[in-house]
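Visitor: coordinates only, sequence not included:
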């Protein structure tokens, strides 16, 4: 899929229902017919394929990732990334609430 459709990344995981979930990230929207052809060649005959294309244009993935990693108060220490711009006093106040 990477070579044929120029996918930036591919993830394959098993769902709770036991199905395979394949997610692929593209810089530009892939051609739906070409995507169907590639996916169809990748599965056994008779397997059901449910395919969706979800567009996430304009989404700030870096900002979303940083929100997932706020400062952590572990004992006497604060663990935080370089993206955190608030002062430690603000964190201490938030932790005591």
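Guide: Structure's in. What do you need? Note that the coordinates shown come from a computational prediction; the quantities given were computed from them, not determined experimentally.
Visitor: who touches the helix or strand harbouring residue 66?
Guide: With secondary structure defined by DSSP states H and E, residue 66 is part of helix 61-67. Contacts of helix 61-67 with the rest of the structure, by CB atoms under 8 Å, 6 or more residues apart in numbering, involve 81, 83. Placement of C-beta: from N, CA and C, glycine included.
Visitor: Quick one: name whatever helix or strand follows it.
Guide: strand 72-74.
Visitor: partners of the helix or strand just after that next one in the sheet?
Guide: Proceeding N to C from strand 72-74, the next assigned helix or strand is strand 77-79, under DSSP H and E. Neighbouring strands of strand 77-79 in its sheet, by DSSP bridges, are strand 72-74 (antiparallel).
Visitor: avg pLDDT for the strand it pairs with?
Guide: Averaged across strand 72-74, the pLDDT comes to 84.
Visitor: mind listing what's buried in that strand?
Guide: By 16 or more other CB atoms under 10 Å, strand 72-74 has no buried positions at all.
Visitor: And stretch 33-48, by the same measure?
Guide: 35, 38.
Visitor: Spit out the contact partners of residue 51.
Guide: In this structure, residue 51 makes contact with 35-36, 39, judged by CB under 8 Å, 6+ apart.
Visitor: By mean pLDDT, point me to the weakest helix or strand of the protein.
Guide: Here the helix or strand of the chain ranked lowest by mean pLDDT, DSSP states H and E is helix 88-96, holding a mean of 60.
Visitor: measure the residue lying closest to residue 7 once chain neighbours are set aside to residue 35 for me?
Guide: Beyond its immediate neighbours in the sequence, the residue positioned closest to residue 7 (CB to CB, 6 or more residues apart in numbering) is residue 24, lying 4.3 Å away. Remark: distance between residue 24 and residue 35 (CB to CB, to the nearest Å) = 8 Å.
Visitor: Common neighbours of the two, please.
Guide: Both residue 24 and residue 35 are in contact with residue 5, where contact means CB under 8 Å, 6+ apart.
Visitor: that older thread, give me the average confidence score over the helix holding residue 66.
Guide: The average of the pLDDT scores along helix 61-67 is 81.
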